[in-house]
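**Q** I would like to see how this sequence folds:
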Amino acid sequence: QVQLVESGGGLVQAGGSLRLSCAASGRAFSSYAIGWFRQAPGKEREFVAAISRTGDGTYYADSAEGRFTISRDNTKSTVYLQMNSLKPEDTAKYYCAASTVVAGTEQHYDYWGQGTQVTVSS
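**A** Numbers count the residues shown, from 1 in each chain. Presented below is the predicted three-dimensional model:
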């Protein structure tokens with residue numbers, strides 16, 4: 001089992017940047033692929049980005065491609081989501097999740113954090 005804690009959210013103006021962190025504790029962090037998802041009020045949770053167990057594979061939603069970068073440091077049991085050129089439509093609660101396979105659908109993810117709020121003002 002792995003426990004996940006997100007941090008780094010906050011309020012930022014459009015065009016600004018934030019870096020989210022997902023810190024893990026528990027078993028064998030490097031055994032899990034990690035995904036970032038987000039959920040805006042009144043909307044379904046959606047995939048943002050994912051990274052393979054070793055970090056050599058990264059995957060992005062179209063909305064994140066070119067603006068967001070996912071990375072991981074297995075020595076620190078942490079995954080990062082660098083978000084640049086933020087837009088008001090990026091406003092959401094961001095969650096990280098762990099899976100034994102890298103995937104873009106939440107059904108594959110077994111462990112979830114509590115989320116961190118990102119608010120982008122126009």
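**Q** didn't T54 look like it was pressed against Y32?
**A** No - counting by Cβ atoms under 8 Å, T54 stays clear of Y32, with 11.0 Å between them. For every residue, glycine as well, the C-beta is placed using N, CA and C.
**Q** list residues touching both of those two?
**A** Residues touching both T54 and Y32 (Cβ atoms under 8 Å, 6 or more residues apart in numbering): none.
**Q** For E6, grab the count of nearby residues.
**A** Residue crowding around E6 was assessed by other Cβ atoms under 10 Å; the count is 22.
**Q** Give me the more crowded residue out of T54 and Y32.
**A** Set side by side, T54 and Y32 show more neighbours around Y32, with 27 against 10, by other Cβ under 10 Å.
**Q** Please list all residues in contact with the residue lying closest to that one once chain neighbours are set aside.
**A** Leaving aside its chain neighbours, Y32 sits nearest to A98 (4.0 Å; criterion: Cβ to Cβ, 6 or more residues apart in numbering). Shown in contact with A98 (Cβ under 8 Å, 6+ apart): 2, 4, 24, 32-35, 109-112.
**Q** same thing but 10 Å
**A** Shown in contact with A98 (Cβ atoms under 10 Å, 6 or more residues apart in numbering): 1-4, 22, 24, 26, 29, 31-35, 53, 79, 109-113.
**Q** So which residues of this protein form strands?
**A** Taking DSSP state E as the criterion, the chain contains strands spanning 2-7, 10-13, 18-26, 33-39, 46-51, 58-60, 68-73, 78-83, 92-99, 111-112, 116-121.
**Q** Quick check, Q39 in contact with A97.
**A** No - the criterion here is Cβ atoms under 10 Å, and Q39 misses it with A97 at 11.9 Å.
**Q** Which residues are in contact with each of these two?
**A** Common contact partners of Q39 and A97 (Cβ under 10 Å, 6+ apart): R45.
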